[in-house]
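In: show me how the following folds:
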Amino acid sequence: MAEVHTPGNLAELQVPIWFWIGYHLIIAIFIAMDLVAGVRRKEMTLREALRWVAVWVGIGTAFGIIIYSMTGNPEAVALYYAAYAVEYSLSMDNLFVFAVIFSYFSVPIPAQPIVLYVGIITAIILRALFIYGGLWLIEQYHWTIFIFGAVLIYSGYKLLKAGEVKVDPGRNPVVKAAKKILPLADFYDGSKFIVRASGDGSKWLFTPMILALAAIETTDLVFAFDSIPAVIAITLNFFIAYTSNISAILGLRSLYFVIALTMFRFKYVGQALSMILIFLGIKMILGGLEIVEVPTWISLMVVFSLLGGAILLSIIRKEVKEVIE
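Out: Okay, the predicted model is just below:
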């Protein structure tokens, strides 16, 4: 997509093909560096995980400067940071589910980065398709904006009522189907997805890693139905929506290990996210009905105030740790 329309009073943003190629090339290089760093070590230390989190957050933050240089408009940068913050916060909450999945399938720690990165690469492709498809639907069929708004309100309500992370990967229909269809080994062999059967070198079997990957992929697909409407509610600009999502999900591997090693969690962020999703859903519906057009600055203030307030309250009340049972 070479031309993107920005919402409100922002001018059209021309994104040349060479930029898209260069952007994805740079992202691929950083992914390769991060993956090699993760695979070379048998077990990631907390210090290394925190260092990579800082790197990815730094990259995501710095990209806002690039957006400003391309648009010259502070509003475009603010929209990018708002979308980035919401997606990053949703991803952080979702990583607790990933921790449960890895624990359920007893995936060795050295093998977890491979599963995470296959999931991340797939997520990048799905995010691009979903964001493009969502924006296309709104442009072609205006009434779909009410569906997106309703999805956000329901997602916010569901998140508010969810409480603790509870998931049973064994009941995942894709995992159950894979168990029936695929020839499976009952052991792991490093980070391999396929191994030769013991005693029969001619037969190939899938390791349990394929089941963990299936659970991760289908879980992320469900998460996308929450996060994509949220970013579309913040901005109808494909460039800003896509890059903010990619910036947020690229650091999931290192963020996951911070969570896995410390069980670190801001307790009240979940409630803040639920209120943000409900707010964005109502905003979309009111805007679609042309009853009230919520100014961009109010949307940004609500997003950052709720997230910042939730983090601050968690720290003040010393409720930043929560063990998954």
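
In: the stretch 51-200 of the chain: strands as residue ranges?
Out: All strands of the stretch 51-200 of the chain, identified by DSSP state E, counting those that start in this stretch, fall at 194-197, 200-206.

In: C-alpha coordinates for stretch 251-271, PDB please?
Out: Below are the C-alpha coordinates for stretch 251-271, written out as PDB (Å, rounded to 0.1, in the frame of the first residue of the first chain):
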ATOM      1  CA  GLY A 251       9.700  -7.700  21.500                       C
ATOM      2  CA  LEU A 252       7.400 -10.400  22.800                       C
ATOM      3  CA  ARG A 253      10.100 -13.000  23.100                       C
ATOM      4  CA  SER A 254      12.200 -11.000  25.500                       C
ATOM      5  CA  LEU A 255       9.100  -9.700  27.300                       C
ATOM      6  CA  TYR A 256       7.900 -13.200  27.700                       C
ATOM      7  CA  PHE A 257      11.100 -14.300  29.500                       C
ATOM      8  CA  VAL A 258      10.900 -11.300  31.800                       C
ATOM      9  CA  ILE A 259       7.400 -12.400  32.800                       C
ATOM     10  CA  ALA A 260       8.400 -16.100  33.000                       C
ATOM     11  CA  LEU A 261      11.400 -15.400  35.200                       C
ATOM     12  CA  THR A 262       9.800 -12.900  37.500                       C
ATOM     13  CA  MET A 263       6.000 -13.400  37.100                       C
ATOM     14  CA  PHE A 264       6.000  -9.600  36.900                       C
ATOM     15  CA  ARG A 265       2.600  -8.100  36.300                       C
ATOM     16  CA  PHE A 266       1.000  -4.800  36.900                       C
ATOM     17  CA  LYS A 267      -2.200  -6.000  38.500                       C
ATOM     18  CA  TYR A 268      -4.500  -3.100  37.500                       C
ATOM     19  CA  VAL A 269      -3.500  -2.900  33.900                       C
ATOM     20  CA  GLY A 270      -6.100  -5.500  33.000                       C
ATOM     21  CA  GLN A 271      -8.900  -3.400  34.400                       C
END
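
In: how about the strands of the stretch 51-200 of the chain in a markdown table, adding mean neighbour count?
Out: C-beta here means a position set from N, CA and C on the backbone, and glycine is covered the same way. Shown next, in a markdown table, are these (neighbours: other CB atoms under 10 Å):
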| stretch | mean neighbour count |
| --- | --- |
| strand 194-197 | 14 |
| strand 200-206 | 12 |
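
In: of those, which shows the lowest average pLDDT?
Out: Mean pLDDT is lowest for strand 200-206 among the strands of the stretch 51-200 of the chain, at a mean of 74.

In: may I ask which helix or strand of the protein has the lowest mean pLDDT?
Out: Every helix and strand in the chain was compared by mean pLDDT, DSSP states H and E; the lowest is strand 3-4, with a mean of 40.

In: about what we covered before: save the strands of the stretch 51-200 of the chain as CSV, and put in distance to residue 260 too.
Out: Formatted as CSV, the strands of the stretch 51-200 of the chain follow (distance: least, CB to CB, whole Å):
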stretch, distance to residue 260
strand 194-197, 25
strand 200-206, 24
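
In: wait, which of those strands is closest to residue 55?
Out: strand 194-197 (31.8 Å; CB to CB).

In: so what does the closest one touch, helix or strand wise?
Out: For strand 194-197, the contact count by 3 or more CB pairs under 8 Å, 6 or more residues apart in numbering; DSSP states H and E identifies strand 200-206 as packing neighbours.

In: which among the strands of the stretch 51-200 of the chain is found nearest to residue 23?
Out: Short answer: strand 194-197, nearest of these by CB to CB, at 32.6 Å.

In: isn't residue 195 right next to residue 207, touching?
Out: Yes: if you go by CB atoms under 8 Å, residue 195 and residue 207 touch, sitting 5.8 Å apart.

In: shared neighbours, these two?
Out: Residues touching both residue 195 and residue 207 (CB atoms under 8 Å, 6 or more residues apart in numbering): 185, 187, 189.

In: which among those count as buried?
Out: residue 185 (16 or more other CB atoms under 10 Å).
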